[in-house]
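[1] Take a look and give me a structure for this.
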Amino acid sequence: SVGTLISQRSAGAYDPSRAKQLLGEGFEFTALVWNNVAYVQLAEVLQAQFKQIGVTMVLRPMSADQSLDLYQVKRSADALVSQIGGAAPNPALTAQQNYLSDGLNNPGRLTDPRIEQLFAQAGTSQQLQDAFREIAEYAAEDAYNVPICDRRLHYATTSQVQDFDQLLKGYDDIRVVGKS
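    Here you go, the predicted model:
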């Protein structure tokens, strides 16, 4: 994944002073946040870390459906703090959603001609899987539209739990969980 590639690079030690120096005067961006405690707390931690380097992260807590509409459809926010990250098991969908100019998770329509070309040239799923390695390298190199953290949930269940499953994208589906 792109996040793995970035973490494997030699980014150096945590140095807020150096980050401030590289950013100059800093900047401000808006992040839509799913309005439940876990995501709001995560966003507040990120906001405090960005503040240390002169970056203002404006938080807009709201419902999941509203945030997805504003971020993916209306493209009216810079960032999204949510469960949605990408189509983990599917490199083609991950590349399309995150790195192509018309991708759902790319509201700024930022892209790289090399990524667009690699995606267009890959015909079969195997070719795209091979191309995705290069696409991920370019995305990591440019460091745009990159997940900065990942929240993992773990569940313990008993034989009484029914219909606990995973969605095709690899996320847990707890919408219809029941008890026998």
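
[2] Helix or strand next in line after the lowest-mean-pLDDT helix or strand in the chain, which one?
    When each helix and strand of the chain is scored by mean pLDDT, DSSP states H and E, helix 2-8 comes last, with a mean of 49. Past helix 2-8, further along toward the C-terminus, the next helix or strand under DSSP states H and E is helix 16-23.

[3] So for that next one, mean pLDDT?
    Averaging pLDDT along helix 16-23 yields 86.

[4] same deal with stretch 110-124?
    Confidence over stretch 110-124 (mean pLDDT, whole number) is 83.

[5] now stretch 78-98
    Stretch 78-98 shows a mean pLDDT of 72 in the predicted model.

[6] Can you classify residue 107 as helix, strand or coil?
    State at residue 107, reduced to three classes by DSSP: H, G, I helix; E, B strand; the rest coil: coil.

[7] Which residue comes closest to residue 164 once chain neighbours are left out?
    Spatial nearest neighbour of residue 164, chain neighbours left out: residue 177 (5.1 Å); criterion: C-beta to C-beta, 6 or more residues apart in numbering. In this view, the C-beta of every residue, glycine as well, is placed from N, C-alpha and C.

[8] Confirm for me that the one you found is in contact with residue 160.
    No: using C-beta atoms under 8 Å, residue 177 makes no contact with residue 160, being 10.7 Å away.

[9] between these two, which one's more packed in?
    The residue with more neighbours, out of residue 177 and residue 160 and counting by other C-beta atoms under 10 Å, is residue 177; that gives 14 against 8.

[10] where along this protein do the helices fall?
    For the chain, helices defined by DSSP state H occupy the ranges 2-8, 16-23, 37-52, 64-68, 91-99, 113-121, 125-142.

[11] Pick the most buried one from the ones you listed.
    Between these, the one whose residues have the most neighbours on average, counting mean count of other C-beta atoms under 10 Å, is helix 91-99 (a mean of 21).
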